[in-house]
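Chemist: What shape does this take:
(chains A and B)
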Amino acid sequence: GNSVTQMEGPVTLSEEAFLTINCTYTATGYPSLFWYVQYPGEGLQLLLKATKADDKGSNKGFEATYRKETTSFHLEKGSVQVSDSAVYFCALTSSASKIIFGSGTRLSIRP
Amino acid sequence: NAGVTQTPKFQVLKTGQSMTLQCAQDMNHNSMYWYRQDPGMGLRLIYYSASEGTTDKGEVPNGYNVSRLNKREFSLRLESAAPSQTSVYFCASSEHPGSNTGELFFGEGSRLTVL
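Modeler: Numbering: from 1, shown residues only, chains lettered A, B, ... in the order given. All right, here's what the predicted structure looks like:
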């Protein structure tokens, strides 16, 4: 079945460091891919998305490129801030309207 | 604009008690979802409703029932709560999953503790 695998956390970085959070997927067909972010005490909110191969989603300095050949959708940011501390979830659409999430990666940024 | 509203935000139950989590969205979305979030497990889909009048099981449906009351409302019922159902529950909605408008909109969550 369809699934999403993302790197284990927690990830701890210093402010202004480069961030990569890996995400790979298994899916039939051509799913849409998403990154969601969850700030402490809140629900998830969409960070960025890509709906077809080679699309790049971007928002708030974060980017991810839909790579069909490697079945990946890695999240990157060139210079992280303390305010980026959150849990990040990779997700994909599945058949019959289901949306499947990865297990989440907790990111902590040190001042 | 309220978005997705869940009630209650917190609930403590004893084993065997029943309760219903309520969810309503005001965005005229077709699809609605119930997820549970547990440490180290990410979000797991309990049930979803692709459109008004339909419901389907997700990954972890055992011990739960749902009702899509109308296009706005989707409730989750625990008939006989168990400690394993201690979790944070999230309701979400989406206009057209799988399309360019497949974004999920989440409620703030309901923290349930079963003693």
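
Chemist: For chain B, what lies in contact range of chain A?
Modeler: B:4, B:31, B:33, B:35, B:40-45, B:48, B:50, B:56, B:58, B:90, B:92, B:94, B:97-100, B:102-104, B:106-109 (Cβ under 8 Å from any Cβ of the partner chain). C-betas here are computed from N, CA, C, even on glycine.

Chemist: Please narrow these to those residing in strands.
Modeler: B:4, B:31, B:33, B:35, B:42-45, B:48, B:56, B:90, B:92, B:94, B:106 (DSSP state E).

Chemist: Outside of stretch B:36-44 itself, which residues are in contact with it?
Modeler: Residues from elsewhere that reach stretch B:36-44 (Cβ atoms under 8 Å, 6 or more residues apart in numbering or on different chains): A:44, A:89, A:101-104, B:35, B:46, B:58-60, B:87-90, B:109.

Chemist: Name only those of these that count as buried.
Modeler: When those are checked for burial by 16 or more other Cβ atoms under 10 Å in any protein chain shown, the buried set is A:44, A:89, A:101-104, B:35, B:46, B:58, B:60, B:87-90, B:109.

Chemist: low-confidence ranges in chain A?
Modeler: Within chain A, the ranges that satisfy pLDDT under 70 run A:94-97.

Chemist: Touching, A:T105 and A:G9? I think so.
Modeler: Yes - with contact defined as Cβ atoms under 8 Å, A:T105 reaches A:G9; the gap is 4.2 Å.

Chemist: Any chance you could list residues touching both of those two?
Modeler: Taking Cβ under 8 Å, 6+ apart as the criterion, A:T105 and A:G9 both touch A:V87.

Chemist: Of the two, which one has the most company?
Modeler: Per other Cβ atoms under 10 Å in any protein chain shown, whichever of A:T105 and A:G9 has more neighbours is A:T105, with 21 against 16.

Chemist: So what sits opposite the more buried one in the bridge?
Modeler: Judged by DSSP bridges, the bridge partners of A:T105 are A:Y88.

Chemist: With A:V4 instead?
Modeler: Residues in a beta bridge with A:V4, per DSSP bridges, are A:Y25.

Chemist: so what's it up against?
Modeler: Listed by Cβ under 8 Å, 6+ apart, the contact partners of A:V4 are A:23-26, A:90-92, A:100-102.
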